[in-house]
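1. Prediction below, plus the sequence it came from.
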Amino acid sequence: MSSARMDKGSSRLMRSARTRAGSGSGGAGGDSTRSDLAARVLVALPAIAFALFIVIEGGLIFTLGVMALGLICLHELYAMYDRVHPARLAGFLAFAGLLLAALYGGQYQILLVAVCALPVLFGFTLLQPNPSVVGMAITLLGIYWIGFGLAHAVLLRDLPHGLGIVIDVLVGTFLGDTGAYLGGRLFGHRPLAPSISPNKTVEGLLIGMVVAVLAVWFAGRYQDWLPGSHALVLGIGVALAAPVGDLFESFVKRQAGVKDTGRVFGAHGGALDRLDAVFFAAVAGYYIWSAYLG
């Protein structure tokens, strides 16, 4: 009996130790944070190399690279809502049309493609075995959310000094996201939007925004054509737009009942999980920089 009580006591102690280690800031919890951050870095390295290649090349190479990423994002969105039967082919064609319009035309051509997308989508929907208005709505969500965001990235790259501004926007977006992640893990207490994304905190948001502004401003110090005040405003635009894009995608996932949109980036989710903030930040970056070019 004494041995049994000792075994039970030891089991309770081991469970208690595991609980403390998992919930505290040190021990296994600290190891988990470091391991997770290391995994994020390993996943990010090839993605950064690919992004730098297409951004530096610009033109058709940039557009095709962005198009490939966007098509993966669309596929992930439509897969999440497969039950409502989105018209995938119509979405893919409209998305490609938006990016080509951005490359070879401008805002007028982008609007023309967007307007034409609706009747084309209607035709493709009627050809499906189970046509539905909800399916059309999800298809349009992908076209306008992902398509407009990446079309503005193409427009931004083609502006004067577009190479540098696109890099600034990406630096602010991804470093801001990293700052929000680490800030939330270390200092987060107050939930930001528990019904949408329970792990996001107000502290993480504020830290991420500060990091985003500083990252864009600091990057601008190495671009003699970019005044410090312009870099600061651009950083503020990215800092405000990127978290909205992140929350938007979290809401879409929550409604679909999924945790991650895919496995393109391994344990850290799909392309949509990684690019959600870019869709909003690219639009903000385009209009801010266009206003300065005036």
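-> Alright, I've got the coordinates.

2. For Ala242, grab the count of nearby residues.
-> Counted by other CB atoms under 10 Å, the residues lying close to Ala242 total 28. The way it works is simple: take the backbone N, C-alpha and C, and place the C-beta from them, glycine included.

3. Repeat that for Leu214.
-> By other CB under 10 Å, the residues close to Leu214 number 17.

4. separation between it and Ile207?
-> 11 Å (CB to CB, to the nearest Å).

5. part of a helix, is Ala122?
-> No Ala there; residue 122 is Phe. Yes. Checked against DSSP: H, G, I helix; E, B strand; the rest coil, Phe122 lies within a helix.

6. Nearest residue to it in space, please, no chain neighbours.
-> Nearest in space to Phe122, with sequence neighbours left out and distances taken as CB to CB, 6 or more residues apart in numbering, is Met136 at 7.0 Å.

7. Now for that neighbour: which residues touch it?
-> Each residue near Met136 by CB atoms under 8 Å, 6 or more residues apart in numbering is listed here: 86-87, 121-122, 125.

8. Can you tell me which of these has the most neighbours?
-> For these, neighbours tallied by other CB under 10 Å; top is Pro86, 29 neighbours.

9. I figured that one hits Leu140, correct?
-> No. Counting by CB atoms under 8 Å, Pro86 does not reach Leu140; the two are 9.1 Å apart.

10. quick one: pLDDT of the residue nearest to Pro129 when sequence neighbours are not counted?
-> Spatially, and ignoring its direct neighbours in sequence, Pro129 is nearest to His85 (7.8 Å; CB to CB, 6+ apart). On pLDDT, His85 comes in at 95.

11. Please apply the same query to Glu249.
-> Per-residue pLDDT puts Glu249 at 96.

12. who's in contact with it?
-> Glu249 makes contacts with 261, 272-273, 276, as judged by CB under 8 Å, 6+ apart.

13. Which positions in stretch 229-241 come out as buried?
-> 230-231, 233-239, 241 (16 or more other CB atoms under 10 Å).

14. got a list of contacts for that stretch?
-> 165, 168-169, 172-173, 176, 208-210, 212-217, 219-221, 223, 277, 280-281, 283-285, 288-289, 292.

15. Pull out the buried positions in the helix or strand hosting Gly164.
-> In this structure, Gly164 sits in helix 162-187 according to DSSP states H and E. Of all the residues in helix 162-187, those buried under the rule 16+ other CB under 10 Å are 162-185.
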